[in-house]
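In: model this:
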Amino acid sequence: MSRLIQFLLKKTILIVDDEKNTRDGLQESLEDNYEVYTAADTAGAEAVMQTDSVDLILTDLRLGTDSGMDVLALALRQPNPPVCIIMTAYGSVDAAVEAMKRGAYDFVTKPVNIDRLELLIKRALRGTEVEKENVRLRERVDKQYGLESFVGSSPAMTHVFETIRQVAPSRATVLLSGESGTGKELAAQAIHQLSPRHHEPFVAVHCAALSAQLLESELFGHEKGAFTGAGERRVGRFEQAAGGTLFLDEIGEIDSATQVKILRVLGERTFERVGGNKPLHTDVRLVAATNRDLAAMVAAGEFREDLYFRLNVIQIHLPPLRDRRDDIPKLAMYFLRESAKENGKPFRELTSDALEHLVNNPWPGNVRELRAAIEHGVVMSGGTKIALRDLPKSVRISPASFAPITSTSDSLHLGQSELALIRQALMDCKGHRTRAAKMLGISRRTLHRRLREHPELESN
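Out: Okay, the predicted model is just below:
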């Protein structure tokens, strides 16, 4: 690595101390590993921060007539605040603790032990890098997969988000469980996108769609002449996904022979093509999904126990839509905008009775079924809003377990689900009552009356 590249990769430290000997001594001790700036007071520190990017500030608490607290406050106002470490005399520890309460990372006492200081600096910079990377990862998943695959803020989905973010950077095998249509493949894509492998391939195989022989060839490839019709060598999905992520959907449907081969890949990271005898090495992160109870299948002798334990290192359960009804209004509006754009229709809204039926529907097909129902409504609607009559028959006919809906232009009889709709509408409209009333399909006067009856709707 050239000296120029080494220089560009160095973290920058600003030392602020009114004693020149202290500044020079600290600079000499740290400049081998860091790009070091110095300043004698708050004005000097501000001048450095205005012209150069600073990763860490090491400031004395007492700077003649100035104070390290002023340097700290100045640092925290920067667009990308540097981490701050306070230097203080032993008798001023209480003041240093106060600085930590205001945002300082830590403090050291004078005279400074250089070895301890360097360890503290490394830990502080490492912590800020982890925090920045977490922010980048969140932005990446929210931008590329968040809206389309994981709209919602229910506790169940929040837990899913946080688990994905935590496990994605690791190499651990992940088992995604849940009913069909809950978004397992999109969760697998998010895991891949948030991992260090995101520049490499994401390869998906739907195991239930292939016969045992075809699945084996699909996964591991085959040599020319391996079986009738094998006219040339085929590279399998384990090779195609090298360095990246292989997603095996409906893994509970694979036969026992293929289970053994997958177990070998997980244990030894080697496999052979069908009809071949040369071991091939692969570096693949495996994510599997199932809508079946694999533990019950193991107990029934239908799935290998050793493979189950290999797959089930981390399990993430995708909840059915009926268990996250608070997310339905937001999902419905997202799919509405998406479908309206795809079908060349002007933007539409949902009437209150249509939205009520959407929230109360059991959704056996989960998010996938909701998306289809909204697209049906967009295509069939002839007005400016999607009304109940525009939705599929399965949605229009409410289950008997739900109370009948009565709605007029100026009245809306509210149950708990309706309260949730109003709360969600206010959140989506950022508290704007007129827009929220329009979204709900009720008058502003009715919304005002309901808010007076239920003030808690605006307090959350």
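
In: please name the nearest non-neighbouring residue to residue 201.
Out: In space, and not counting its chain neighbours, residue 201 is closest to residue 244: 4.0 Å by C-beta to C-beta, 6 or more residues apart in numbering. Just so you know, the C-beta spots here come from the backbone N, C-alpha and C atoms, and that holds for glycine as well.

In: that neighbour - how many residues pack around it?
Out: Neighbourhood size, residue 244 [other C-beta atoms under 10 Å]: 19.

In: how about residue 57?
Out: 29.

In: can you report phi and psi for it?
Out: Dihedral pair for residue 57: phi -120, psi 130, per degrees, to the nearest 10.

In: ok, residue 163 next?
Out: Torsion angles, degrees, to the nearest 10, at residue 163: phi -70, psi -40.

In: not counting sequence-adjacent ones, nearest residue to it?
Out: residue 316 (5.3 Å).

In: any idea how far the nearest residue to residue 272 once chain neighbours are set aside is from residue 264?
Out: For residue 272, ignoring the flanking residues on the chain, the nearest one in space by C-beta to C-beta, 6+ apart is residue 279 at 6.0 Å. Separation of residue 279 from residue 264 (C-beta to C-beta, to the nearest Å) stands at 10 Å.

In: thinking again about what came up before, and the residue nearest to residue 201, what is it in contact with?
Out: 192, 197, 200, 201, 202, 203, 284, 285 (C-beta atoms under 8 Å, 6 or more residues apart in numbering).

In: returning to what we had before: surely the residue nearest to residue 272 and residue 271 touch.
Out: Yes. Counting by C-beta atoms under 8 Å, residue 271 is a contact partner of residue 279 at 7.3 Å.

In: of the two, who's got more company?
Out: Using other C-beta under 10 Å as the criterion, residue 279 and residue 271 rank with residue 271 on top: 22 against 11.

In: the more buried one pairs with what?
Out: residue 280 (DSSP bridges).

In: any idea how far it is from residue 169?
Out: For residue 271, the distance to residue 169 - C-beta to C-beta - is 26 Å.

In: can you check residue 97 too?
Out: Counting by C-beta to C-beta, the gap from residue 97 to residue 169 is 34 Å.

In: these two: who's more crowded?
Out: residue 169 (16 against 13).

In: excluding chain neighbours, what is closest to the more buried one?
Out: Using C-beta to C-beta, 6+ apart, the nearest residue to residue 169 is residue 195, at 6.0 Å.

In: which residues touch that neighbour?
Out: By C-beta under 8 Å, 6+ apart, the contact list for residue 195 reads 168, 169, 170, 245, 285.

In: ok, now residue 232?
Out: residue 224.

In: make a PyMOL selection of the buried ones in the contacts of residue 244.
Out: A single PyMOL command selects the buried members of these (16 or more other C-beta atoms under 10 Å):
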select buried, resi 192+197+200+202+203+284+285
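
In: need the pLDDT of the residue nearest to residue 201.
Out: On pLDDT, residue 244 comes in at 93.

In: which neighbours do residue 279 and residue 264 share?
Out: 270, 271.

In: can you give me the strands in the stretch 301-450 of the chain?
Out: 314-317, 349-350, 385-386, 407-408, 411-412 (DSSP state E, counting those that start in this stretch).

In: tell me the mean pLDDT for the last one?
Out: Per-residue pLDDT values across strand 411-412 average out to 34.

In: surely residue 156 forms part of a helix?
Out: Yes. Using DSSP: H, G, I helix; E, B strand; the rest coil, the assignment for residue 156 is a helix.

In: picking that back up, out of the contacts of residue 195, which one sits closest to residue 65?
Out: residue 169 (47.3 Å; C-beta to C-beta).

In: hmm, that closest one is touching residue 196, no?
Out: Yes. Using C-beta under 8 Å, residue 169 is in contact with residue 196, at 6.4 Å.

In: so how many other residues sit close to residue 366?
Out: Neighbours of residue 366 (other C-beta under 10 Å): 21.

In: what's near enough to touch the residue nearest to it when sequence neighbours are not counted?
Out: Nearest non-adjacent residue to residue 366, counting by C-beta to C-beta, 6+ apart: residue 181, 3.5 Å away. Going by C-beta under 8 Å, 6+ apart, residue 181 touches 321, 365, 366, 367, 368, 369.

In: check what pLDDT the first one gets.
Out: This points to residue 321. 91.

In: now do the contacts for it.
Out: 181, 182, 327, 328, 363, 366, 367, 369, 370.

In: quick one: pLDDT of the second one?
Out: Going back to what we said before, that points to residue 182. 90.

In: got it, and the third one?
Out: pLDDT, the model's per-residue confidence, is 87 for residue 327.

In: mind listing the strands for the stretch 101-250 of the chain?
Out: Going by DSSP E, counting those that start in this stretch, the stretch 101-250 of the chain shows strands at 106-109, 174-177, 202-206, 245-249.

In: strand partners (parallel or antiparallel) of the second one?
Out: This means strand 174-177. Going by DSSP bridges, the partners of strand 174-177 are strand 285-290 (parallel), strand 314-317 (parallel).

In: for those strands, which one ends up most surrounded?
Out: Ranked by average neighbour count under the criterion mean count of other C-beta atoms under 10 Å, the strands paired with strand 174-177 are headed by strand 285-290 at a mean of 26.

In: and that one, average pLDDT?
Out: 96.

In: what sits up against that strand?
Out: Here strand 285-290 makes contact (C-beta under 8 Å, 6+ apart) with 171, 173-178, 184-185, 187-188, 191-192, 195, 197, 244-252, 265-266, 311.

In: now which of the residues you listed would you call buried?
Out: If we count by 16+ other C-beta under 10 Å, the contacts of strand 285-290 have these buried: 173-178, 184-185, 187-188, 191-192, 195, 197, 244-252, 265-266, 311.

In: surely residue 80 meets residue 55?
Out: No. Counting by C-beta under 8 Å, residue 80 does not reach residue 55; the two are 9.0 Å apart.

In: so for the two, which sits in the more crowded spot?
Out: Under the criterion of other C-beta under 10 Å, the comparison of residue 80 against residue 55 puts residue 55 first, with 19 against 9.

In: give the contact list for that one.
Out: So residue 55 contacts 11, 12, 13, 82, 83, 125, 128 (C-beta under 8 Å, 6+ apart).

In: where does the nearest residue to it once chain neighbours are set aside fall, phi/psi-wise?
Out: Among residues not flanking residue 55 along the chain, residue 11 sits closest, at 4.4 Å (C-beta to C-beta, 6+ apart). Note on residue 11: backbone dihedrals following degrees, to the nearest 10 are phi -80, psi 150.

In: burial count for residue 11?
Out: Neighbours of residue 11 (other C-beta under 10 Å): 18.

In: the one 10 residues further on too?
Out: Applying other C-beta under 10 Å, we find 8 other residues in the vicinity of residue 21.

In: in which helix or strand would I find it?
Out: helix 20-30 (DSSP states H and E).
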